[in-house]
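A.B. asks: Pasting the sequence and the predicted model now:
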Amino acid sequence: MVKICCIGAGYVGGPTMAVIALKCPDIEVVVVDIFEPRIIAWNSDHLPIYEPGLDDVVKQCRGKNLIFSTDVEKHVAEADIVFVSVNTPTKTQGLGAGKAADLTYWESAARMIADVSKTDKIVVEKSTVPVKTAEAIEKILTHNSKGINFQILSNPEFLAEGTAIKDLFNPDRVLIGGRETPEGQKAIHALKDVYAHWVPVEQIICTNLWSAELSKLAANAFLAQRISSVNAMSALCEATGADVSQVSHAIGKDTRIGSKFLNASVGFGGSCFQKDILNLVYICECNGLPEVASYWKQVIQVNEYQKTRFVNRVVSSMFNTISGKKIAILGFAFKKDTGDTRETPAIGVCQGLLGDKAMLRIYDPQVSQEQIQRDLSMQKSELDRPPHLQPASPTAIKQVACVWDAYEAAKGAHGICILTEWDEFKTLDYQKIYDDMQKPAFVFDGRNVVDAEKLREIGFIVYSIGKPLDSWLKDMPAVA
Ligand SMILES: NC(=O)C1=CN([C@@H]2O[C@H](COP(=O)(O)OP(=O)(O)OC[C@H]3O[C@@H](n4cnc5c(N)ncnc54)[C@H](O)[C@@H]3O)[C@@H](O)[C@H]2O)C=CC1
Ligand SMILES: O=C(O)[C@H]1O[C@H](OP(=O)(O)OP(=O)(O)OC[C@H]2O[C@@H](n3ccc(=O)[nH]c3=O)[C@H](O)[C@@H]2O)[C@H](O)[C@@H](O)[C@@H]1O
């Protein structure tokens, strides 16, 4: 029986390995992590991450061919294939700070693999890493190899949170990069055999190591670039009376452009887009390509601009002051169907509103009060660390209250900001909400989820990102 061990039981390691276990009953899959509470949660009825369909998959194979354990060294030593799916955040100190990927956790995993291995292994980069990381990992492994043969493969993950199980069941493609030597090709085939249990072979792309590593960064950069492009258009739409949804629809009909990923928003979030683009920028700079670097940097700058623009719109619409005003925040996760708040645009928007002394009442169906308080009070560099290295709970911010439903959040509020596109926000009883709010009552829809016309009929002043402005908003221009 082939044995797989995955180091890192996070958003990627957990769901990916659960699906491999489900689809490959002939393979034993062990997911290990040094953060014990996470492993305990994986072994309980309350999984550590919220992902539609995940519970079902885990229940079907946990205890059979899927094991979650903190005994990292034992399971790595026993495995034939070791996936490494640990954090690769942006460096916060030293050379490349603010841009380069911090490979501390990756390197320590690689050193541990070298230390405990007694048999040949295929080591798979599942984490997103800079191009040429495999070369460094190879050096670490072979330097300490004691005659053991290690083959390094790059097998980047393309799942999106909220749709992870669907994406893993039906991936657009699986990408495997390896050395162009007979041993490298043999290793590629071994991993290809795993995926071929359920992925059609024509969808399994095999490349050299560097193409696989770079393709992952390129894919995320292209996706984020589309969002920044449509968000840049949203600002122009507001200035001209065009409607960004109509523009997206019209351009998306061109099959060369395509219709996906053209929804204007208050900005993209998630743990990877910004980090991976910063990493790409750094690699370009290191390779003497400053023009290419500044091209990609602009994608992040537009994303920051979009969040600032939103906050300015809120403040300017409410007579240029929100000091002491109650603002309901609907949605805190970086997108719907996940409880993940890493790099969520809600952090920047809430901090902007708090900077103008607003009182916030926040509701998100999947994010805990403790998480929201951590996100709003801790430094980004602290939040980027693996969970076991994060500080204990910080002091709560007094102007922030977290509540259990949207109605409670909006009670007595001057305005509502919609920051995540949860489906339930579409069907709220907005008449009831309006009746309970201060007047004039504002809705700032950063995700274009509400029916603005209906809300205007009720009496709300509505701002929908990238849509023609109410006369009220036109008279109160926001300066970004
Ligand atoms: N979150 C996502 O949707 C996607 C993430 N990725 C990439 O996958 C990688 C992992 O991301 P996530 O799963 O989101 O991170 P995560 O933070 O959810 O999980 C990483 C886990 O690794 C563990 N860990 C760190 N060092 C360890 C060590 N030496 N030994 C054992 N466990 C260790 C941590 O305790 C943590 O539980 C990153 O490189 C990310 O860029 C790629 C595609 C999608
Ligand atoms: O490397 C990663 O971590 C993953 O990053 C993204 O996945 P994810 O961040 O989970 O979610 P997305 O659906 O890509 O959304 C990212 C952000 O963009 C925003 N978005 C997305 C689409 C859109 O049209 N408009 C828009 O603002 C979302 O609300 C969210 O804040 C990619 O889609 C995955 O392929 C990749 O594997």
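C.D. replies: Received it, and whenever you're ready, just let me know what you need. Numbers count the residues shown, from 1 in each chain. Ligands and ions are numbered 1, 2, ... in the order given.
A.B. asks: Low-confidence bits of the stretch 1-150 of the chain, can you list those?
C.D. replies: 144-145 (pLDDT under 70).
A.B. asks: With the stretch 351-480 of the chain instead?
C.D. replies: Those would be 391-394, 478-480, if you go by pLDDT under 70 across the stretch 351-480 of the chain.
A.B. asks: Would you pull up the residue in it closest to ligand 1?
C.D. replies: Closest contact between the stretch 351-480 of the chain and ligand 1, by CB to the nearest ligand atom, is at Pro386 (4.0 Å). No exception for glycine: its C-beta is placed from N, CA and C like everyone else's.
A.B. asks: Over to the chain?
C.D. replies: Gly10 (1.9 Å).
A.B. asks: Contact partners for the residue nearest to that residue when sequence neighbours are not counted?
C.D. replies: Spatially, and ignoring its direct neighbours in sequence, Gly10 is nearest to Ser85 (6.7 Å; CB to CB, 6 or more residues apart in numbering). Contact analysis of Ser85 by CB atoms under 8 Å, 6 or more residues apart in numbering lists Cys6, Ile7, Gly8, Gly10, Val12, Gly13, Thr16, Lys126, Ser127, Glu157.
A.B. asks: and if we set it to 6 Å?
C.D. replies: By CB atoms under 6 Å, 6 or more residues apart in numbering, the contact list for Ser85 reads Cys6, Gly8, Val12, Gly13, Lys126, Ser127.
A.B. asks: Could I get the phi/psi values of the fourth one?
C.D. replies: Torsion angles at Gly13 (phi, psi; degrees, to the nearest 10) stand at phi -60, psi -50.
A.B. asks: That one reaches Ile4, doesn't it?
C.D. replies: No - Gly13 is beyond contact range of Ile4, at 11.1 Å (criterion: CB atoms under 6 Å).
A.B. asks: longest single helix anywhere in this structure?
C.D. replies: helix 209-240 (DSSP state H).
A.B. asks: I'd like to know how far the residue nearest the centre of the chain sits from Ser316.
C.D. replies: Centroid-nearest residue in the chain, with CA atoms, centre = their mean: Gly270, separated by 2.6 Å. Counting by CB to CB, to the nearest Å, the separation of Gly270 from Ser316 is 28 Å.
A.B. asks: just Gly348 next, same as before
C.D. replies: Using CB to CB, Gly348 is found at 17 Å from Ser316.
A.B. asks: Output stretch 327-338 as PDB, nothing but the C-alphas.
C.D. replies: This file holds the C-alpha atoms of stretch 327-338, laid out as PDB (Å, rounded to 0.1, in the frame of the first residue of the first chain):
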ATOM      1  CA  ILE A 327     -22.300  51.400  11.400                       C
ATOM      2  CA  ALA A 328     -23.500  47.900  10.800                       C
ATOM      3  CA  ILE A 329     -20.900  45.600   9.000                       C
ATOM      4  CA  LEU A 330     -22.500  42.700   7.200                       C
ATOM      5  CA  GLY A 331     -19.900  40.100   6.400                       C
ATOM      6  CA  PHE A 332     -16.300  39.900   7.500                       C
ATOM      7  CA  ALA A 333     -15.000  36.800   5.700                       C
ATOM      8  CA  PHE A 334     -13.000  37.500   2.600                       C
ATOM      9  CA  LYS A 335     -15.700  35.800   0.500                       C
ATOM     10  CA  LYS A 336     -18.900  33.900   1.000                       C
ATOM     11  CA  ASP A 337     -19.000  30.200   2.200                       C
ATOM     12  CA  THR A 338     -15.800  30.400   4.200                       C
END
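A.B. asks: host element of Lys192?
C.D. replies: If you go by DSSP states H and E, Lys192 is part of helix 182-195.
A.B. asks: which residues in this protein form strands?
C.D. replies: Per DSSP state E, the chain has strands spanning 2-7, 27-32, 66-69, 81-84, 121-125, 150-154, 174-178, 204-208, 326-330, 359-363, 400-402, 415-418, 442-445, 461-464. These are given in chain order.
A.B. asks: Run the angle between the fifth one and strand 2-7 for me.
C.D. replies: I take that to be strand 121-125. With axes from the mean of the first three to the mean of the last three CA atoms, to 10 degrees applied, the angle from strand 121-125 to strand 2-7 works out at 40 degrees.
A.B. asks: what separates strand 121-125 from the chain centre, distance-wise?
C.D. replies: Relative to the centre of its chain, strand 121-125 is centred 24 Å away, using CA atoms, centre = their mean, to the nearest Å.
A.B. asks: got the CA coordinates for it in CSV?
C.D. replies: Output of strand 121-125 as CSV, limited to C-alpha atoms (Å, rounded to 0.1, in the frame of the first residue of the first chain):
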residue,chain,number,x,y,z
LYS,A,121,10.9,9.5,-0.8
ILE,A,122,9.1,11.8,-3.2
VAL,A,123,8.7,15.2,-1.7
VAL,A,124,5.9,17.3,-3.1
GLU,A,125,5.7,21.1,-2.9
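A.B. asks: Neighbouring strands of that strand in the sheet, and parallel or not?
C.D. replies: strand 81-84 (parallel), strand 150-154 (parallel) (DSSP bridges).
A.B. asks: Any residue of that strand touching ligand 2?
C.D. replies: No - judged by CB under 6 Å from any ligand atom, strand 121-125 and ligand 2 are separated, with a smallest distance of 13.1 Å.
A.B. asks: can you list contacts of that strand?
C.D. replies: Ile81, Val82, Phe83, Phe150, Gln151, Ile152, Leu153, Ser154, Asn155, Ala187.
A.B. asks: Return the closest of those residues with respect to ligand 2.
C.D. replies: Asn155 (12.4 Å).
A.B. asks: Would you agree the closest one is in contact with Ile176?
C.D. replies: Yes - counting by CB under 6 Å, Asn155 does reach Ile176; the two are 5.2 Å apart.
A.B. asks: Going along the chain, name the helices of the stretch 301-450 of the chain.
C.D. replies: 345-355, 369-377, 380-383, 406-410, 430-435 (DSSP state H, counting those that start in this stretch).
A.B. asks: Make CSV from these and add distance to Asp475 to it.
C.D. replies: Output for the helices of the stretch 301-450 of the chain, formatted as CSV (distance: least, CB to CB, whole Å):
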stretch, distance to Asp475
helix 345-355, 21
helix 369-377, 32
helix 380-383, 36
helix 406-410, 25
helix 430-435, 21
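A.B. asks: of those, which approaches ligand 2 most closely?
C.D. replies: helix 345-355 (6.6 Å).
A.B. asks: in that closest one, what counts as buried?
C.D. replies: Pro345, Ala346, Ile347, Gly348, Val349, Cys350, Gly352, Leu353, Leu354 (16 or more other CB atoms under 10 Å).
A.B. asks: Closest to Asp375 out of these?
C.D. replies: Ile347 (5.2 Å; CB to CB).
A.B. asks: For the residue lying closest to the closest one once chain neighbours are set aside, grab the count of nearby residues.
C.D. replies: Distances taken as CB to CB, 6+ apart place Asp375 nearest to Ile347, at 5.2 Å, with adjacent residues excluded. Using other CB atoms under 10 Å, Asp375 is surrounded by 20 other residues.
A.B. asks: just Gly177 next, same as before
C.D. replies: So Gly177, with other CB under 10 Å, has 26 neighbours.
A.B. asks: Just the pLDDT for it.
C.D. replies: At Gly177, the predicted lDDT confidence score is 97.
A.B. asks: I am finished for the moment; much appreciated.
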